[in-house]
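Undergrad: what follows is a predicted structure for the sequence shown.
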Amino acid sequence: MATKKGVRIIITLECTECRSNTNKRSPGVSRYTTTKNRRNTTSRLEIKKFCTHCNKHTVHKEIK
């Protein structure tokens, strides 16, 4: 029995400032998980979310 691939997939969003900044206060990178519709949004998602390591709202990009 073959399983169907769903339209909605689970993606991971990662903070862009934590990844690039080496002189930050605490170690680690802020990550969120969410779902997206693969038919409607084929490009990578970019959402402004709160980063607990930066203590401010930053752009989070989709990673593989």
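TA: Okay, I see it. Numbers count the residues shown, from 1 in each chain.
Undergrad: now the residue nearest the centre of the chain. Nearest residue, chain neighbours left out?
TA: Closest to where the C-alpha atoms of the chain average out (CA atoms, centre = their mean) is residue 13, at 0.4 Å. Leaving aside its sequence neighbours, residue 13 sits nearest to residue 60 (CB to CB, 6 or more residues apart in numbering; 3.9 Å). Every C-beta, even on glycine, is put in place using the N, C-alpha and C of the backbone.
Undergrad: doesn't the residue nearest to the centre of the chain fall inside a strand?
TA: Yes - using DSSP: H, G, I helix; E, B strand; the rest coil, the assignment for residue 13 is a strand.
Undergrad: is residue 50 bridged to anything, and to what?
TA: On the basis of DSSP bridges, residue 50 is bridged to residue 57.
Undergrad: burial measure for it, as a count.
TA: Residue 50 has 13 neighbours, counted by other CB atoms under 10 Å.
Undergrad: which elements pack onto the helix or strand bottoming out on mean pLDDT in the chain?
TA: Ranked by mean pLDDT, DSSP states H and E, the helix or strand of the chain with the weakest confidence is helix 16-20, at a mean of 81. Contacts defined by 3 or more CB pairs under 8 Å, 6 or more residues apart in numbering; DSSP states H and E place helix 16-20 against strand 56-63.
Undergrad: by contact count, what packs against the strand it packs on?
TA: strand 8-15, helix 16-20, strand 46-51.
Undergrad: mind redoing it with 10 Å?
TA: strand 8-15, helix 16-20, strand 31-37, strand 46-51 (3 or more CB pairs under 10 Å, 6 or more residues apart in numbering; DSSP states H and E).
Undergrad: out of the ones you listed, which comes closest to residue 64?
TA: strand 8-15 (8.2 Å; CB to CB).
Undergrad: what's next to that closest one, contact-wise?
TA: By CB atoms under 10 Å, 6 or more residues apart in numbering, the list of residues contacting strand 8-15 from outside reads 21, 28-41, 44-47, 49-54, 58-64.
Undergrad: ok, now stretch 40-54?
TA: The contact list for stretch 40-54 (CB under 10 Å, 6+ apart) reads 7-8, 11, 13-18, 21, 24-32, 34, 36, 56-64.
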